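J.: Sequence plus the predicted model coming up.
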Amino acid sequence: MKSNKLDQVLLVIAIFAVWQLLYVAAGPNVISSPARTLTRALELLQTSNFWVNAASTGIAFGTASVLSIAGGVVVGLWLGLRQFAGDVADPILGALYSLPKITLYPIILLIFGLGLSAKVAFGAIHGFFPIAIFTMGAVRNVAPVYYRTARVMRLPPTVTLATIMVPAALPEILAGVRIGLALTLLGTLIGELFASTSGLGFALIRATDIHAVPDITAITFLIFLFAASVNSFLHAIERRTLHNA
Amino acid sequence: MEGHRRPIELSQTSHNENKGRRHARFDTDRNPMIGWPHLSKTSRARAMILIGAVLALELLCRSGIIDRVTMIPPSEMFAALWQIIRTGRFNQDILFTTYNIAAASLLAIAAGVLLGAALHAWPRARNVVSPLLSAYYAVPTFVFYPLLVIAFGTGRLALIVMGTLFGVVAMMVNTMLGLDHVPPAIAKTGAIMRLDPIRRLFLIRLPAAAPHLITGIKLAVAYGVIGIVAGEFILATAGIGKRVSLAYDNFDNKTMYGMLLMLLIGVMCINGLLTIWEKRLHRRFGQR
């Protein structure tokens, strides 16, 4: 446990050291120093403009997350329980997952127009596929003895699903949710980077346009902090379910 | 531990039970690569779904429910794609993108295997960086692209660096996982043959880790494609992504959908080939 804490401190030190080295090598026209970025980030946190953009990204990310989790888990459960449907859908899902979805953004924009719904749709299609694929894999990986136990107990399908399949598959489903939400955030931000009128991605691209390197680095840094905390939060939940299992 | 115990329990069950289990196993093991009749059945269903989806889209577009500004009918997409291939007007861009994807994937795979093996050999460092590796794909790495453009310019270099950065960690993680799962007996074989550590790694341990490596390769290529195309899309001087982005700006739906279709077909082919290879390896190594 002690060495674990030490490792974390070492990692943070190493990241800042590499960052400082990059700054020294590339100069202030390319990247800001860690110290400058931290002060700029603290300044940004006190402006209302930042919070307007953060709220815009947050709403889009939250809505997209709910949509991708609900859709992905339902479709994944169904495909996981139906061997044949799963076999048919597996490569199709895989291909859609590995398709660079950025190229679909023009189509999404043409369908939804500029604004919140386009960002939400783009974020949700990023998260949907990994969650569906992981859920399907999770259900398929549940040991056959569980199915047979359910059958021996003559449980109806809904009870089997709720009390046996989902709990058994939960850790893997949560791993899928974690990866899916990370991609949802990526999708939301890329949507804002390419075409948007508000949000952190929009702030980032506006800062790039006026070449405000401290702002670019500070916003990138804050986005990273947010993403990392979402990730470790979901990791913690996942680990709890693993311990329970 | 439990995994070791299970076969013993199995052998204690009755003969009949065993038989039933084997049969059930065969059923769950069904995959498109085993047995021709099954292959044709799933592929037939798959083909029917795809054809149905395309036909539905065609109908929706032709009947005007989806207007032409939003999407052109699939038949016109294919016509546009054929025209792009026949005239060869985007050959330069296609070559540019293909080259970048190949370069980024190969760099990510090579660097990923080497770094992964190095970290595997040095557990202390691995412990330190493992939170970073597991959080790597949780953060939107792509927001680095503007900084890379400022550092390397809008040419090929920034794109390839972006694609490599995107894919290398997936390869590293899978290399380490693969080396973790090499059975001790195989690792000992290298020691018995008195190979030096480098040869043991490249001749014995890495080949034994092949099922995990192929997963890493698949991911590295997928991330390479995403990094390159997304980069071209947002800021670049050439490439398939750039053409799509330009066509979007100019309301040139024929070019846009033609190029998107080409990209879709290309990605599906690469992914399909790698998946077949992956399944073959997994079967050979007795996993699924």
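T.: That came through fine.
J.: buried residues in stretch A:207-219?
T.: For stretch A:207-219, a neighbour-count test (16 or more other CB atoms under 10 Å in any protein chain shown) marks A:207-208, A:213-219 as buried. (Each C-beta comes from the backbone N, C-alpha and C, glycine too.)
J.: Can you add secondary structure and give the residues you listed back as a markdown table?
T.: Formatted as a markdown table, the buried residues of stretch A:207-219 follow (DSSP: H, G, I helix; E, B strand; the rest coil):
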| residue | secondary structure |
| --- | --- |
| A:207 | helix |
| A:208 | helix |
| A:213 | helix |
| A:214 | helix |
| A:215 | helix |
| A:216 | helix |
| A:217 | helix |
| A:218 | helix |
| A:219 | helix |
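J.: out of those, who's near chain B?
T.: A:208, A:213, A:216-217 (CB under 8 Å from any CB of the partner chain).
J.: Which one of these is nearest to residue B:130?
T.: residue A:217 (25.6 Å; CB to CB).
J.: ok, now which ones touch the residue most central in space within chain A?
T.: The centroid of chain A falls nearest to residue A:182 when counting by CA atoms, centre = their mean (1.3 Å). The contact partners of residue A:182, taken as CB atoms under 8 Å, 6 or more residues apart in numbering or on different chains, are A:227, A:230-231, B:137-140.
J.: tell me the pLDDT at it?
T.: Note on residue A:182: pLDDT of 88.
J.: and it, what element?
T.: Assigned by DSSP states H and E, residue A:182 belongs to helix A:166-194.
J.: is it possible to export the contacts of residue A:182 to JSON lines including secondary structure, neighbour count and pLDDT?
T.: Below are these laid out as JSON lines (DSSP: H, G, I helix; E, B strand; the rest coil; neighbours: other CB atoms under 10 Å in any protein chain shown; pLDDT from 0 to 100):
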{"residue": "A:227", "secondary structure": "helix", "neighbour count": "22", "pLDDT": "86"}
{"residue": "A:230", "secondary structure": "helix", "neighbour count": "19", "pLDDT": "86"}
{"residue": "A:231", "secondary structure": "helix", "neighbour count": "22", "pLDDT": "83"}
{"residue": "B:137", "secondary structure": "helix", "neighbour count": "21", "pLDDT": "78"}
{"residue": "B:138", "secondary structure": "helix", "neighbour count": "23", "pLDDT": "74"}
{"residue": "B:139", "secondary structure": "coil", "neighbour count": "22", "pLDDT": "75"}
{"residue": "B:140", "secondary structure": "coil", "neighbour count": "23", "pLDDT": "77"}
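J.: and those residues, which two are the farthest apart?
T.: A:230 and B:137 (12.6 Å).
J.: tell me which element residue B:80 is part of?
T.: Using DSSP H and E, residue B:80 maps to helix B:74-87.
J.: can you list the weak-confidence ranges in chain A?
T.: Residue ranges of chain A with pLDDT under 70: A:1-3, A:243-245.
J.: Could you check which residue of the stretch 1-150 of chain B lies nearest chain A?
T.: Here the stretch 1-150 of chain B gets closest to chain A at one residue, residue B:138, 3.6 Å apart by CB to the nearest CB.
J.: Wait, that residue touches residue A:231, no?
T.: Yes - counting by CB atoms under 8 Å, residue A:231 is a contact partner of residue B:138 at 3.6 Å.
J.: Which residues are in contact with each of these two?
T.: A:178, A:182.
J.: dump the residue contacts of residue A:174.
T.: A:234, A:237-238, A:241.
J.: same question but for residue A:80, I mixed them up
T.: Applying CB under 8 Å, 6+ apart to residue A:80 gives the contacts A:86, A:135-140, A:169.
J.: and the stretch 151-288 of chain B, which of its residues are near chain A?
T.: So far as CB under 8 Å from any CB goes, the stretch 151-288 of chain B lies against chain A at B:151, B:218, B:222, B:225-226, B:229-230, B:233-234, B:241, B:244-245, B:248, B:256, B:260, B:263-264, B:267-268, B:271-272, B:275.
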